[in-house]
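J.: attaching a predicted model along with its sequence, questions to come.
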Amino acid sequence: MTILQARHTPRLAAAALALAAAFAASTAWAETPAEAAKARIEAIAAGNVDAITAGYGPNALLEWVGGPLDGRYASMDGIKEAWTKFAKANGPLKADIGHLQEAANPKGATVTADVVFKGKATVPVRYVLTYRDGKLVDEIWQIDPKLAAKPAGY
């Protein structure tokens, strides 16, 4: 290594790190609410509770309508406990997503989807997610038995 290389290597490394951080930040903001919802559905199907709970904003609310976890979860501990119970009870699942739609304006976005999770049991869900500032703030998980009869990706 020459003296010139030795002198500039720390600067080049710092510049490379700064560039990598800027790229990571820009790609994180590039995810649309619909893409975030799809990733979330995949995390739910995989039973990855850490990935599921990472998307919540402060004071998030989960409304679980129907099924054994029916109830309102208004604290991060309660929300994490509900998802942990769901993951343990169902194991890995396959998710069939139908009618995914996004509505957005400068104040936030809402994503709706009909999802049928299949594994040990079939869990048909009408899913509504509200995002503000890139974080999930309100979530409705409505068990909808009539969805189970529809074909995948309808």
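T.: Structure's in. What do you need?

J.: only C-alpha atoms for contact and neighbour calcs from this point on.
T.: Fine.

J.: low pLDDT regions in this structure?
T.: Residue ranges of the chain with pLDDT under 70: 1-30, 149-154.

J.: beyond the strand or helix carrying Pro124, next helix or strand please.
T.: Using DSSP states H and E, the element containing Pro124 is strand 122-132. Next helix or strand after strand 122-132 toward the C-terminus (DSSP H and E): strand 135-143.

J.: who does that next one pair up with?
T.: strand 56-65 (parallel), strand 122-132 (antiparallel) (DSSP bridges).

J.: for Gly134, see how far away the spatially closest residue to Ile143 that is not a sequence neighbour is.
T.: In space, and not counting its chain neighbours, Ile143 is closest to Val125: 4.6 Å by CA to CA, 6 or more residues apart in numbering. Distance of Val125 to Gly134, computed by CA to CA, to the nearest Å: 23 Å.

J.: of the two, which one has the most company?
T.: Counted by other CA atoms under 10 Å, Val125 and Gly134 do not tie: Val125 has more neighbours, with 24 against 18.
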